[in-house]
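Peer 1: Any chance you could fold what I've pasted below:
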Amino acid sequence: MRIRRSGDGYRRRSARVLLLDGTGRLLLFRFPLDMEQPDLGYCWITPGGGVDKGETLAEAGSRELREETGLVVSPGELGAPVAVSSGYAEFSWASGVFRDDFFVHRAAAPEIEIDTAGFQAVERAHISAHRWWTPEELEATGEVVYPLELVPLLKALLAGDVPAEPVVLPWHH
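Peer 2: Residues are numbered from 1 along each chain as shown. Prediction:
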């Protein structure tokens, strides 16, 4: 897990990817709400993670997608972020202001084989499942899904409405 302070004042910058398959389903990973206390429950999160020193957001998103799913997508294919979420959080491993930038990538294939062989040790230890979700399933679920207010953004993206500027989503902590 990358936790160094980024040069722009954030404790951690993350590049995350809204990965859609050819049928419009979104990939999410099952992750504990608190890594130190897994009995507190879990949430569903998008592929992605910390931006390494010297990486652009798109480069980090591309790398994270390859590591976590096996899917090779160039940074240029990700384009610009479609959403952003930021705020203060306290975790056992770091505290401060965090920022997540979200890209979207839609694969042409209706079924995408997910290869998690590139997971880091912390991901292998804490990601317990992955699942493809339809917008309707996300709308109906009682489970915790991050980012918050994902469904309206997802529906707009699936309808071809890519925002000119990143949509600001509420922070989740």
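
Peer 1: contacts, neighbours, all on C-alpha from now
Peer 2: OK.

Peer 1: Go through the helix or strand of the chain with the lowest mean pLDDT and flag the buried ones.
Peer 2: In the chain, no helix or strand scores lower on mean pLDDT, DSSP states H and E than helix 121-126, which sits at a mean of 80. Of all the residues in helix 121-126, those buried under the rule 16 or more other Cα atoms under 10 Å are residue 126.

Peer 1: With just CA atoms, put it into PDB.
Peer 2: Provided in PDB are the C-alpha atoms of helix 121-126 (Å, rounded to 0.1, in the frame of the first residue of the first chain):
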ATOM      1  CA  ALA A 121       0.500  -8.500  -0.400                       C
ATOM      2  CA  VAL A 122      -2.000  -6.200   1.300                       C
ATOM      3  CA  GLU A 123      -4.500  -6.700  -1.600                       C
ATOM      4  CA  ARG A 124      -4.100 -10.500  -1.400                       C
ATOM      5  CA  ALA A 125      -4.700 -10.400   2.300                       C
ATOM      6  CA  HIS A 126      -7.800  -8.100   2.200                       C
END
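
Peer 1: which is the next helix or strand following it?
Peer 2: Downstream of helix 121-126, the next assigned helix or strand under DSSP states H and E is strand 129-133.

Peer 1: average model confidence for that next one?
Peer 2: Mean pLDDT, strand 129-133: 94.

Peer 1: List the buried residues in that strand.
Peer 2: Using 16+ other Cα under 10 Å as the test for burial, strand 129-133 gives 130, 132, 133.

Peer 1: can you map out the helices along this structure?
Peer 2: Along the chain, the segments classed as helices by DSSP state H run 57-69, 75-78, 121-126, 135-140, 150-158.

Peer 1: returning to that earlier point: in CSV, list the buried residues of strand 129-133 along with distance to residue 119.
Peer 2: Shown next, in CSV, are those (distance: Cα to Cα, whole Å):
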residue, distance to residue 119
130, 13
132, 18
133, 21
